[in-house]
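> Let's see this in three dimensions:
(one chain, ligands or ions: 3)
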Amino acid sequence: MKVINFAETNSVLNQYVAEIRDVAVQGDRMRFRRNIERIGEIMAYEMSKELTYSVKQVQTPLGVASVSTPDDEVVIATVFRAGLPLHTGFLNMFDHAGNAFVSAYRYYKDKECRTVDVHIEYIATPDLSKKTLLIVDPMLATGESMELAWKAFVTKGMPAKLQIACVIASQQGVEHLEKLFPGDEVTLWCAAIDPEMNEHSYIVPGLGDAGDLAFGDKI
Ligand SMILES: O=P(O)(O)OC[C@H]1O[C@H](OP(=O)(O)OP(=O)(O)O)[C@H](O)[C@@H]1O
Ligand SMILES: O=c1cc[nH]c(=O)[nH]1
Ligand SMILES: [Mg+2]
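Ligands and ions are numbered 1, 2, ... in the order given. So this is what the prediction gives:
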């Protein structure tokens with residue numbers, strides 16, 4: 001798996017990442033969601049450079065223009081609930097894309113909240129055969145949700161290409177996906193890679209719970 005870490009490049013994207021991490025700013029839910037969305041828009045733009053292009057002739061009112069546009073049939077896939085603002089950001093750029101959703105939630109298997117497991121319940125997707133699948137999820141912690149989401153999606157057709165986008169990845173999550181996707185065919189795009197996770201499998205320094213910050217507490 002190839003890894004592209006936007007934190008290694010100076011751009012305004014880093015300002016949005018700083019705001020979603022900052023305890024003094026992240027409590028503004030609308031700003032939090034919009035910042036995730038803006039990160040999705042920038043990532044989608046960068047990822048669009050990796051698609052397959054061909055030149056088309058476009059009739060303007062005054063003549064014919066040659067324009068090189070993507071040929072990929074893109075499907076944007078995300079994981080409920082925290083993935084929704086990132087999904088919106090991608091869809092703002094790839095507005096002709098198909099859309100796929102899966103629900104995954106992490107739950108603790110023990111009273112001490114130290115062993116995390118992930119459940120998949122709901123899946124809604126178009127046929128993914130031969131598509132360019134972009135799986136987008138803001139947090140890659142243990143990597144379990146991403147792995148289960150991928151395995152759930154491929155039951156609905158094998159995509160021609162897979163690209164993964166996360167906002168904050170843990171080093172462990174990156175290594176988890178490297179084992180799942182050996183070779184160079186899959187690329188992980190992320191805005192930052194953090195070194196650690198805590199005993200509850202939250203990314204450190206991370207940002208906290210992306211789903212709760214976007215949508216509020218859940219019981
Ligand atoms: O790599 P993992 O250890 O599996 O963790 C990552 C998952 O955690 C978050 O979802 P969460 O389970 O918090 O659900 P939510 O979106 O409902 O908050 C996030 O959106 C990922 O899907
Ligand atoms: O740090 C983390 C890990 C999983 N999910 C989150 O929202 N945050
Ligand atoms: Mg959550």
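> which ones are touching the residue lying closest to residue 101 once chain neighbours are set aside?
Among residues not flanking residue 101 along the chain, residue 124 sits closest, at 5.0 Å (CB to CB, 6 or more residues apart in numbering). Every C-beta, even on glycine, is put in place using the N, C-alpha and C of the backbone. Residue 124 is in contact with 100-102, counting by CB atoms under 8 Å, 6 or more residues apart in numbering.
> how about low-confidence regions in the chain?
Low-confidence segments of the chain (pLDDT under 70): none present.
> Take the contacts of residue 124 and keep only those in strands.
Counting by DSSP state E, these place 100-102 in strands.
> roughly how far is the helix or strand hosting residue 135 from the heart of the chain?
Using DSSP states H and E, residue 135 sits within strand 132-136. Here strand 132-136 is found 8 Å from its chain centre; the criterion is CA atoms, centre = their mean, to the nearest Å.
> Stretch 124-141 too?
Centre-to-centre, stretch 124-141 and its host chain are 8 Å apart (CA atoms, centre = their mean).
> Show me what counts as buried in that stretch.
Within stretch 124-141, the residues that count as buried by 16 or more other CB atoms under 10 Å are 125, 128, 131-141.
> Specify the beta-bridge partners of residue 65.
For residue 65, the beta-bridge assignment (DSSP bridges) gives partners residue 58.
> Isn't it up against residue 58?
Yes: applying CB atoms under 8 Å, one finds residue 65 in contact with residue 58, separated by 4.8 Å.
> if we can go back for a sec, and the contacts of the next helix or strand after the strand holding residue 135?
Beyond strand 132-136 in the direction of the C-terminus, DSSP H and E gives the next helix or strand as strand 139-140. Residues lying outside strand 139-140 but in contact with it, judged by CB under 8 Å, 6+ apart, are 82, 146, 166-170, 173-174, 177, 188, 190, 203, 206, 210.
> and the nearest residue to residue 53 once chain neighbours are set aside, what does it touch?
Beyond its immediate neighbours in the sequence, the residue positioned closest to residue 53 (CB to CB, 6+ apart) is residue 68, lying 4.7 Å away. By CB under 8 Å, 6+ apart, residue 68 lies in contact with 53-56.
> Residue 68 sits in which helix or strand?
strand 64-70.
> Tell me how far that strand lies from the chain's centre.
Using CA atoms, centre = their mean, the distance from the centre of strand 64-70 to the centre of the chain it belongs to is 29 Å.
> Taking strand 132-136 as reference, get the angle to it.
Counting by axes from the mean of the first three to the mean of the last three CA atoms, to 10 degrees, strand 64-70 points 60 degrees away from the direction of strand 132-136.
> And for the residue in the chain that ligand 1 sits nearest to, the neighbour number?
Going by CB to the nearest ligand atom, ligand 1 is nearest to residue 211 of the chain, at 2.0 Å. Applying the criterion other CB atoms under 10 Å, we find 20 residues in the vicinity of residue 211.
> swap in residue 30?
Using other CB under 10 Å, residue 30 has 8 neighbouring residues.
> can you tell if the longest helix along the chain touches ligand 1?
Here the longest helix in the chain is taken by residue count, with DSSP state H as the criterion, and it is helix 29-48. No: between helix 29-48 and ligand 1, judged by CB under 6 Å from any ligand atom, nothing touches; the nearest distance is 10.4 Å.
> Give me the angle between that helix and strand 64-70.
For helix 29-48 against strand 64-70, the angle between stretch directions is 110 degrees (the same axes, to 10 degrees).
> how distant is helix 29-48 from the center of its chain?
Using CA atoms, centre = their mean, the offset of helix 29-48 from its chain centre is 10 Å.
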